[in-house]
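Student: Fold the following for me, if possible:
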Amino acid sequence: MEVDFRQAQAGDGRSSGVRAVTRALGLLSALGREGRTLTEMAASIDVSLSTASRLLATLKMAGYVDQSPDGLWHPGMALTTMLYQTDQWACIRSIAGQAARGLRDELNETVAFFVLAGAERLCIESAESERPVRRVVPPGERGPAHLGAAGKALLAFSGGDPEHLGSHAADGTFLTATGRTRTWDELRAELAEIAVQGYAYSSYESTHESWSVAAPVRVSERVVGVLATVVPATRNDPDYIAHITQRTIAATRGIA
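Tutor: Take a look at the predicted model:
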């Protein structure tokens, strides 16, 4: 997930050393799995090509970035090692990625693997649909845990009280993406139903343009996350929703 470092480095009177560190962090934040050109890297922190090239050369010497033969910049071994060592979900990323890709290949819809991170649902792996109209859920995407199928499934199978996860209105209500008002008591009742039926469904709750189905993934009888199929609103036939629901649930049962 990219972070905007421009405000941190612009016109704040910091020393050139601090500015260089800030810019280097911005470049690391702009890296992607598919690789970035020098122009894209420079634009990400709003510097000249020569400045970006100089900073990238320093990061490359330290092993934090690497450059492929086609000139694209990628995460280096030092950065990858550091991220792996500090990633609390490293042990399930392989499972998450395989599950997302397998269900995507079957349905040709975007599939994402979410975990509970504090008061939010966090996507740690995803596989994007190849259809022209699709919902994109990149790794790193976050959202309130009490909105959307993935978050509600995580809450239902973790046994937590959603009202204690974050700020809420004094009258005990919260709003969905479409402006619908819901109460925490209503959500608790829904979570109880989700726990019984084994999956969660949401429609236009966290976004205006999609619906989703999510089911828990268990490893050694412990819920480690949820697998969610996310579908554009244009494909909302009841039979199709039922099919997506059935296949999503089936996919989680095949995960060891």
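Student: rest of the way, CA atoms for contacts and neighbours
Tutor: Will do.
Student: how close does residue 126 sit to residue 241?
Tutor: To residue 241, residue 126 is 20 Å away according to CA to CA, to the nearest Å.
Student: Between the two, which has more neighbouring residues?
Tutor: Applying other CA atoms under 10 Å to residue 126 and residue 241 shows that residue 126 carries more neighbours, namely 26 against 16.
Student: What mean pLDDT does the host helix or strand of residue 242 get?
Tutor: Counting by DSSP states H and E, the element that carries residue 242 is helix 238-253. The pLDDT scores in helix 238-253 average 96.
Student: same question, stretch 108-118
Tutor: 93.
Student: what's in contact with it?
Tutor: Identification of contacts with stretch 108-118 by CA atoms under 8 Å, 6 or more residues apart in numbering yields 96-97, 99-101, 103-104, 121-131, 134-137, 145, 150-151, 154-155, 165, 224-231.
Student: Can you list which of the residues you listed are found in strands?
Tutor: Judged by DSSP state E, these include 121-127, 224-231 as members of strands.
Student: Spatially, which two of these are the most separated?
Tutor: 224 and 231 (23.0 Å; CA to CA).
Student: Between the two, which is the more surrounded one?
Tutor: Counted by other CA under 10 Å, residue 224 and residue 231 do not tie: residue 231 has more neighbours, with 25 against 20.
Student: returning to that earlier point: if you rank the ones in strands among the contacts of stretch 108-118 by neighbours, which is first?
Tutor: Looking at the ones in strands among the contacts of stretch 108-118 with neighbours defined as other CA under 10 Å, the largest count falls to residue 228 at 33 neighbours.
Student: if we can go back for a sec, what residues sit buried inside the helix holding residue 242?
Tutor: The neighbour-count check on helix 238-253 (16 or more other CA atoms under 10 Å) flags 241, 244-245, 247-249, 251-252 as buried.
Student: What residue spans form the domains of this structure?
Tutor: Per automatic domain parsing, the structural domains of the chain span 6-86, 90-253.
Student: and those domains, which is most packed in?
Tutor: Using mean count of other CA atoms under 10 Å, the stretch among the domains of the chain with the largest mean neighbour count is domain 90-253, at a mean of 19.
Student: Find out how far it is from the centre of the chain, if you would.
Tutor: 11 Å (CA atoms, centre = their mean, to the nearest Å).
Student: Can you spell out which helices and strands pack onto the strand or helix carrying residue 29?
Tutor: According to DSSP H and E, residue 29 maps onto helix 16-30. Counting contacts by 3 or more CA pairs under 8 Å, 6 or more residues apart in numbering; DSSP states H and E, helix 16-30 packs against helix 6-9, helix 38-45, helix 49-61.
Student: where in the stretch 51-200 of the chain is pLDDT low?
Tutor: Within the stretch 51-200 of the chain, the stretches with pLDDT under 70 are 83-84, 86, 159-172, 178.
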